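*Asks:* After the sequence you'll find the predicted model.
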Number of protein chains: 2
Amino acid sequence: MEKITSVHNEKIKKWTLLHKKKYRDESGLFLVEGEHLIEEALKAGCVRAILFDQTCPFAFEHLIQVTPEIMRKLSANVSDVHLIAVCAQTQKEPLYRRRAVLLDGVQDPGNLGTIIRTAVSFGYDAVICSKTCADLYNEKTIRSTQGAFFHIPLIRTELVDALKELQKDGFVISATALDSSVPLQSIDASEKMAFVFGNEGQGVSEEIQRLSDQRVRIEMDGFESLNVAVAAGIIMYRFQ
Amino acid sequence: MEKITSVHNEKIKKWTLLHKKKYRDESGLFLVEGEHLIEEALKAGCVRAILFDQTCPFAFEHLIQVTPEIMRKLSANVSDVHLIAVCAQTQKEPLYRRRAVLLDGVQDPGNLGTIIRTAVSFGYDAVICSKTCADLYNEKTIRSTQGAFFHIPLIRTELVDALKELQKDGFVISATALDSSVPLQSIDASEKMAFVFGNEGQGVSEEIQRLSDQRVRIEMDGFESLNVAVAAGIIMYRFQ
């Protein structure tokens, strides 16, 4: 088994760079922390190496024992982490059967991860993100999915193209909007449905709203303000 | 108008301590950052002083001009903040008419704030927190409410007592639970309803589940994992 004891080791220096999107994009790698998430990553077959500083609960071909100092350098968390996996960005091919989620500029990694988690729990086929969304491989995104990250196709693409493809395939696209929208209760289920949720401040962009088949709003009483992951949960539940 | 230029000023030193729950509890004060939240705090009448380092958009009897250095010391955020209000912990008296939320050990301030925001948007009467919940006056809690914090009675108390009081008052209490629970769709609306949501890892405690009138689960497909603020949103929407 490999052992690394220096924080100046070339591999460690390279992997530390994976906290930045630029290096994740260049290398096609990302980091996953903690036993539960690594277990899900192993099931998904995307783990390339597992680093540990105490004991490792996993039997895996590429284990590396490192020092607590290296762990602290590699970890995105303040609290102690004892297991970190280096993973490859291998995405599942989507199969659009009946339900999809489109995200138009969701910027908070916690919201993005929470929406992915909800999509898996309600059996959605895929989550399609605009290029203006938070990075899928951000450590907070992955952590917020609670492992769901590895159980659903996640696409990052031009949203306009993805929306038109889904429409050709018979999907009815509903975009969330406050103005000129119909209440959620008034919408009937279709065989194939896709829902668009927007940026935390701006909502769904004008262009995407215009291309969508309908605009929908969640009925509210007064304050009219919902977190995007909560709004997505309410709509995804209704049409799961 | 008062001016403070030293980070060693006694008031500044005292207010900096308000990042810690202990000092918030002792002083009955808390800090609020940014124009939008301070505007809501002003409407609620709980602002005691407003500190600014550039210009202040508010006419208020107690304005204090400070340096950018003091702002950075007082702010909980990394990015630049130019307005901070010192506020008093004055809570609205609850009036239980038809809908309430009880939180049993919700630990993440972001989740707590998001649930408060949702409760206001769906017209709930109050959010009642166990003493094991995240602190209401945590900066992240307040920020996650997006201003809703100042629009609803927020109670921190012994949850068992609060639950029994609500039952005496005719409220039907539903606790979320995976086991021995009925699907959400099967529950009919009652005139007075209260919902209990639990800790992110452990859910609602056994004792609270036992005292509740029914246990409810959100129907899911496979992964069976929802963020507590999303679960709360789905149920609060259904019975708003």
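*Replies:* The structure has been received and is ready for your questions. Numbering: from 1, shown residues only, chains lettered A, B, ... in the order given.

*Asks:* quick one, longest helix in chain A?
*Replies:* helix A:109-121 (DSSP state H).

*Asks:* Per-residue pLDDT of A:D179, please?
*Replies:* We have a pLDDT of 84 for A:D179.

*Asks:* ranges for the strands of chain A?
*Replies:* Secondary structure of chain A by DSSP state E: the strands cover A:2-3, A:29-33, A:47-52, A:63-65, A:83-88, A:99-104, A:126-129, A:154-156, A:172-176, A:182-183, A:193-198, A:214-217.

*Asks:* so how far is the second one from its chain's centroid?
*Replies:* Relative to the mean C-alpha coordinate of its chain, strand A:29-33 is positioned 13 Å out (Cα atoms, centre = their mean, to the nearest Å).

*Asks:* Check stretch A:225-239 too.
*Replies:* Centre to centre, stretch against its chain (Cα atoms, centre = their mean), the figure for stretch A:225-239 is 16 Å.

*Asks:* what does stretch A:10-18 give?
*Replies:* With Cα atoms, centre = their mean as the basis, stretch A:10-18 stands 23 Å off its chain's centre.

*Asks:* quick one: contacts of it?
*Replies:* If you take Cβ atoms under 8 Å, 6 or more residues apart in numbering or on different chains as the criterion, stretch A:10-18 is touched by A:4, A:6-7, A:23-24, A:27, A:29-31, A:66, A:70, A:73-74, A:86. C-betas here are computed from N, CA, C, even on glycine.

*Asks:* ok, 7 Å please
*Replies:* Residues outside stretch A:10-18 that contact it (Cβ atoms under 7 Å, 6 or more residues apart in numbering or on different chains) are A:4, A:23-24, A:27, A:29-31, A:70, A:73-74, A:86.

*Asks:* ok so, going back, can you redo the strands of chain A as TSV with mean neighbour count?
*Replies:* Conversion of these to TSV gives the following (neighbours: other Cβ atoms under 10 Å in any protein chain shown):
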stretch	mean neighbour count
strand A:2-3	10
strand A:29-33	23
strand A:47-52	20
strand A:63-65	17
strand A:83-88	23
strand A:99-104	25
strand A:126-129	26
strand A:154-156	20
strand A:172-176	22
strand A:182-183	12
strand A:193-198	24
strand A:214-217	17
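
*Asks:* tally of neighbours for A:T145?
*Replies:* 29 (other Cβ atoms under 10 Å in any protein chain shown).

*Asks:* and it, what pLDDT?
*Replies:* Listed pLDDT for A:T145 reads 97.

*Asks:* distance of it from B:P94?
*Replies:* According to Cβ to Cβ, to the nearest Å, A:T145 and B:P94 sit 36 Å apart.

*Asks:* repeat for A:L29
*Replies:* 51 Å.

*Asks:* State the phi and psi torsions of the spatially closest residue to A:I4 that is not a sequence neighbour.
*Replies:* Once flanking residues are discounted, A:I4 sits nearest to A:V66: 5.0 Å by Cβ to Cβ, 6 or more residues apart in numbering or on different chains. Note on A:V66: backbone dihedrals following degrees, to the nearest 10 are phi -130, psi 180.
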